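Novice: This is a predicted model, with the sequence first.
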Amino acid sequence: MGVNAPLNRKLRMGLVGGGQGAFIGRVHATAAIMDNRAVLVAGALSADPAKAKASAPDYDIKPERAYGSYQEMVASESKLPATERIDFVSVATPNHTHFEIAKAFAEAGFNVMCDKPLTFDLTQAEELAKVAQRAGVVFGVTHNYSGYPLVRLARDMVHSGELGEVNAVRAFYIQGWLRRRLEKDKQKQASWRTDPSRSGAAGAFGDIGTHAYNLGRFITGLLPDQISCNLKTFESGRKLDDYGTAVIRYQNGGLGTVTASQISHGRENDIWIEVDGTKGALEWHQEEPNKMMFRVNGQPLRVYTRDPNAAYMTDSAKASCRLPSGHPEAFLEAFANVYTAAYTDMAARANGQKIDSSKSLYPNVADGVDGMNFITQSVTSSKENGAWRSLKHPLCRE
């Protein structure tokens, strides 16, 4: 059987989270089926059993596969014939629940797609990586910004040497929605994201700083060495950081910065990155995702657009496009690209092949551990007044 042998059927998806009033669960469900390679058939859509079952019709999940809890879902799906049970589960719940849910499904042999950050703390992340390895499952982490075509082009340009040696990486994620303490009004998203018992040790840095950090790691492949971080809570009474900046030393001698804010007036989801190399520099903005700037001293500014027919597009960038140039592709399509990359491994596993995701295009469990290590060391460094902390971890991949 060939490495890329087709599965000749759709992958069967289960969803945990995403009940009425949720945001990211609907994104997962939409992105996962965008390319007609999967179908959502089961779900435990809320921690409230009644709400979980009431939410099922919103996803066309049949009543008999609308579960009241993830535990019920694992047990029931495991009993179904192999031709009917789910192939994978998407975990779209608050951070503090990721570990127990993902662990239960992985141990039962189900592939997992987990929202970020991977777990509540680093210890859980490291344990989950061991569980996934033992079980031999495909495990993806939805750092969705890695799915944009021009981000993948940037990665290929760096890896091919077009930028030369990378000297500096500047990554930013700037929002303004928590300028006011929405958690006091019991706004759902603000309530759990600012609650250390549900979000974890970090606020803005755990929520969006991890995306900025991962974007730099994905594009450059540079291995981290040390980090110095300062986190700040500007809104009085808030329990977690709402602003922070970190300096990263990479093992090649390069420097990086990560800045995250949720208190900057008028900013929405402004994640962008700049990479400086010895031969050239690039810049990409998520709010204008279909163009990327490339600069070389003494040459005109080059603007690459998301054009699947352009000669400059690499194979992975072309494969990430669904529409002709000039038709905007954005957040949902990028999210879908992460799923699609993981589906190739899921299909191979379903065909009886052994999976090695160490070089996967989609962010995997090792990237999830890397992100949790980033959060952990950032918080520790900040508590130590910006002291340098090691970012080296055995699971970090180039």
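Specialist: Right, received. Where do you want to start? Here the structure is a predicted model, which means the values were calculated and not measured.

Novice: All the strands of the stretch 1-150 of the chain, residue numbers only.
Specialist: Under the criterion DSSP state E, counting those that start in this stretch, the stretch 1-150 of the chain contains strands at 11-17, 38-44, 88-92, 111-114, 139-141.

Novice: Packed most tightly, which of those strands would that be?
Specialist: Each of the strands of the stretch 1-150 of the chain was scored by mean neighbour count; the highest is strand 139-141, a mean of 30, by mean count of other CB atoms under 10 Å. (Glycine included, C-beta is placed from N, CA and C.)

Novice: elements contacting that one?
Specialist: Applying 3 or more CB pairs under 8 Å, 6 or more residues apart in numbering; DSSP states H and E, one finds that strand 139-141 contacts strand 111-114, helix 331-350, helix 365-383.

Novice: Please name the residues that touch S191.
Specialist: Contact analysis of S191 by CB atoms under 8 Å, 6 or more residues apart in numbering lists E183.

Novice: what do you get for the one 3 residues further on?
Specialist: Under the criterion of CB under 8 Å, 6+ apart, the neighbours of T194 are L178, E183, G203, R238, K239, L240, D242.

Novice: Only whichever of the residues you listed are buried, select them in ChimeraX.
Specialist: Selection of buried members from the contacts of T194 for ChimeraX, criterion 16 or more other CB atoms under 10 Å:
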select :178,183,203,238,240,242
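
Novice: Per the annotation, how does this protein divide into domains?
Specialist: As given by automatic domain parsing, the domain ranges for the chain are 11-145+347-363, 147-326+369-390.

Novice: Quick check: buried residues in the worst-scoring helix or strand of the chain on mean pLDDT?
Specialist: Counting by mean pLDDT, DSSP states H and E, the chain has its least confident helix or strand at helix 188-193, which shows a mean of 93. The neighbour-count check on helix 188-193 (16+ other CB under 10 Å) flags Q189, A190, S191, W192, R193 as buried.

Novice: what do you get for stretch 387-398?
Specialist: Buried-residue list, stretch 387-398, by 16+ other CB under 10 Å: R389, L391, H393, L395, C396, R397.

Novice: May I have that stretch as PDB, with CA atoms only?
Specialist: Output of stretch 387-398 as PDB, limited to C-alpha atoms (Å, rounded to 0.1, in the frame of the first residue of the first chain):
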ATOM      1  CA  ALA A 387      15.400  36.900  34.600                       C
ATOM      2  CA  TRP A 388      16.600  34.700  31.700                       C
ATOM      3  CA  ARG A 389      15.000  31.300  31.700                       C
ATOM      4  CA  SER A 390      15.900  28.300  29.500                       C
ATOM      5  CA  LEU A 391      13.500  27.600  26.600                       C
ATOM      6  CA  LYS A 392      15.200  24.500  25.600                       C
ATOM      7  CA  HIS A 393      13.000  21.400  25.600                       C
ATOM      8  CA  PRO A 394      13.600  17.900  24.300                       C
ATOM      9  CA  LEU A 395      10.400  18.000  22.200                       C
ATOM     10  CA  CYS A 396      11.200  21.300  20.400                       C
ATOM     11  CA  ARG A 397      11.500  20.700  16.700                       C
ATOM     12  CA  GLU A 398      13.000  22.800  14.000                       C
END
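
Novice: Compute the distance from the centre of it to the centre of its chain.
Specialist: 19 Å (CA atoms, centre = their mean, to the nearest Å).

Novice: if you average pLDDT over that stretch, what comes out?
Specialist: The pLDDT scores in stretch 387-398 average 96.

Novice: Now do the residue sitting furthest away from the middle of the chain, the pLDDT please.
Specialist: Distance from the centre of the chain peaks at G298, with 36.9 Å (CA atoms, centre = their mean). At G298, the pLDDT value in this model is 98.

Novice: quick one: secondary structure of it?
Specialist: Following DSSP: H, G, I helix; E, B strand; the rest coil, G298 is assigned to coil.
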